[in-house]
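[1] need a 3D model of the sequence below.
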Amino acid sequence: MRPIIEFCANNMHHGTNKLLKKLEQNPDYDVIEYGCLGNCGECYMLPYALVNGEIVAAATVDELEAAIDAKIKEIEAMFDLLGE
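    Take a look at the predicted model:
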């Protein structure tokens, strides 16, 4: 299962552009940047991304990276549990 991590171009003022570039280097991830993801309230307030369609947000970009890693591990564990 390749995680899909989506970033909003309007959220880059939080510094998520650096995280996007870092995650793009990982060949195990599909990283996509959109002009807008339609989560304007979240986007204005915090650094965030979508991981397989689920909002992952944090107070800082470093915390967002850790939260994305945790979400990916959670998804992988669920797939392992289901035997997929």
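
[2] buried stuff in the strand or helix carrying Ala67?
    Here Ala67, judged by DSSP states H and E, is contained in helix 61-82. Buried residues in helix 61-82, counting neighbours by 16 or more other Cβ atoms under 10 Å, are found at Val61, Leu64, Glu65, Ala67, Ile68, Lys71, Ile72. Just so you know, the C-beta spots here come from the backbone N, C-alpha and C atoms, and that holds for glycine as well.

[3] residues in contact with it?
    Outside helix 61-82, the residues within contact range by Cβ atoms under 8 Å, 6 or more residues apart in numbering are 1, 3, 5, 14-16, 18-19, 22-23, 47-49, 51-52, 54, 56-58.

[4] okay, the buried residues of helix 61-82 in JSON lines with distance to Asp28 next?
    Listed next are those as JSON lines, based on distance: Cβ to Cβ, whole Å:
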{"residue": "Val61", "distance to Asp28": "20"}
{"residue": "Leu64", "distance to Asp28": "18"}
{"residue": "Glu65", "distance to Asp28": "15"}
{"residue": "Ala67", "distance to Asp28": "18"}
{"residue": "Ile68", "distance to Asp28": "13"}
{"residue": "Lys71", "distance to Asp28": "14"}
{"residue": "Ile72", "distance to Asp28": "9"}
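
[5] and the residue nearest to the spatial centre of the chain, which of the three is it?
    The chain has Ala49 as the residue nearest its centroid, 3.6 Å off, counting by Cα atoms, centre = their mean. Following DSSP: H, G, I helix; E, B strand; the rest coil, Ala49 is assigned to strand.
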